[in-house]
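Colleague: here is my input, please return the structure:
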Amino acid sequence: MRWFLGIALGILAAVVLYLGTAAYALSELASAARAGDGAKVLERTDVKALNHSLTDQIVRAYMERLGSKRPISPMEKTMINVYGSTVADAMVAKMLTAERLTQLLKTGKVEGAGELPALSGLPALADLDTGLSVFGRLRFIQPVLLGVRVSNSPAPDDYAAINLHFEDFGWKLAGIELPKATVRALAANLPVK
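Modeller: Alright, predicted model coming up:
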């Protein structure tokens, strides 16, 4: 009986530590965004993974847009993935500067400039209550990847979340799941043939 209680307490402690470190990392990221500290935001971000996350969403929305007008052949899908990823990646890279990423997390939008489209519609991470209520917003994706809903509504069209990835003994921002309308607006900036 003692061994069972010991194992149960060990598992409970591991779960509390696991979720507690994620909540702490989220709180630190939200604090850095509220303060407008771009250096701290970037320190708590896996920029490569975040870039990949946003690029994938834009390319998927672009393919949906093209697919609604006509069937897309497998060869076209391959070309769109390569070409679209290149164009979307360049666009996203411009959005992921310290200032723009901090502005996005703080206000939920980024002003357009030059070739960079305006981005809006994301609920501000800075407004998220990072207290105990955040545990109701957590979504387990993988053992080292958690989603945190930042939108007030879990409805599919309004859903927005950030993904935290565990690496180097800490959690980092590794993805932003944008609302569908926002992703469609970004995909509309890619050329259509």
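Colleague: which of the three states applies to residue 157?
Modeller: Assigned with DSSP: H, G, I helix; E, B strand; the rest coil, residue 157 falls in the coil class.
Colleague: so what's the residue nearest to it when sequence neighbours are not counted up against?
Modeller: With Cβ to Cβ, 6 or more residues apart in numbering as the criterion, residue 157 has its nearest non-adjacent residue at 5.2 Å, and that residue is residue 180. Placement of C-beta: from N, CA and C, glycine included. With contact taken as Cβ atoms under 8 Å, 6 or more residues apart in numbering, residue 180 is in contact with 61, 156, 157, 159.
Colleague: show me what the helix or strand harbouring the first one is packed against.
Modeller: This means residue 61. Per DSSP states H and E, residue 61 falls inside helix 47-69. Here helix 47-69 touches helix 74-95, strand 170-177, helix 180-187, going by 3 or more Cβ pairs under 8 Å, 6 or more residues apart in numbering; DSSP states H and E.
Colleague: now the angle from the last one to helix 47-69?
Modeller: Counting by axes from the mean of the first three to the mean of the last three Cα atoms, to 10 degrees, helix 180-187 lies at 90 degrees to helix 47-69.
Colleague: over to the first one?
Modeller: Between the axis of helix 74-95 and that of helix 47-69 there is an angle of 130 degrees, by the same axes, to 10 degrees.
Colleague: what does helix 74-95 rub up against?
Modeller: By Cβ under 8 Å, 6+ apart, the residues outside helix 74-95 that reach it are 51, 54-55, 58-59, 62-63, 66, 72, 100-101, 104, 110, 115-117, 119, 186-187, 189-191.
Colleague: tell me the buried residues in the helix or strand just after it?
Modeller: Per DSSP H and E, the first helix or strand lying C-terminal to helix 74-95 is helix 98-107. Across helix 98-107, burial judged by 16 or more other Cβ atoms under 10 Å covers 98, 100, 101, 102, 103, 104, 105, 106, 107.
Colleague: turn the residues you listed into a markdown table, including distance to residue 134 and pLDDT.
Modeller: What follows is the buried residues of helix 98-107, written out as a markdown table (distance: Cβ to Cβ, whole Å; pLDDT from 0 to 100):
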| residue | distance to residue 134 | pLDDT |
| --- | --- | --- |
| 98 | 25 | 87 |
| 100 | 25 | 87 |
| 101 | 21 | 89 |
| 102 | 20 | 90 |
| 103 | 22 | 88 |
| 104 | 19 | 88 |
| 105 | 15 | 89 |
| 106 | 18 | 89 |
| 107 | 20 | 87 |
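Colleague: and which of those is nearest to residue 14?
Modeller: Using Cβ to Cβ, residue 105 comes nearest to residue 14 of those, at 29.4 Å.
Colleague: any idea which element the residue lying closest to the closest one once chain neighbours are set aside lies in?
Modeller: Using Cβ to Cβ, 6+ apart and skipping the chain neighbours, the partner closest in space to residue 105 is residue 33 (3.8 Å). Here residue 33 sits within helix 2-35, counting by DSSP H and E.
Colleague: on contacts alone, who are the packing partners of that helix?
Modeller: Counting contacts by 3+ Cβ pairs under 8 Å, 6+ apart, helix 2-35 packs against helix 38-43, helix 98-107, strand 161-167, strand 170-177.
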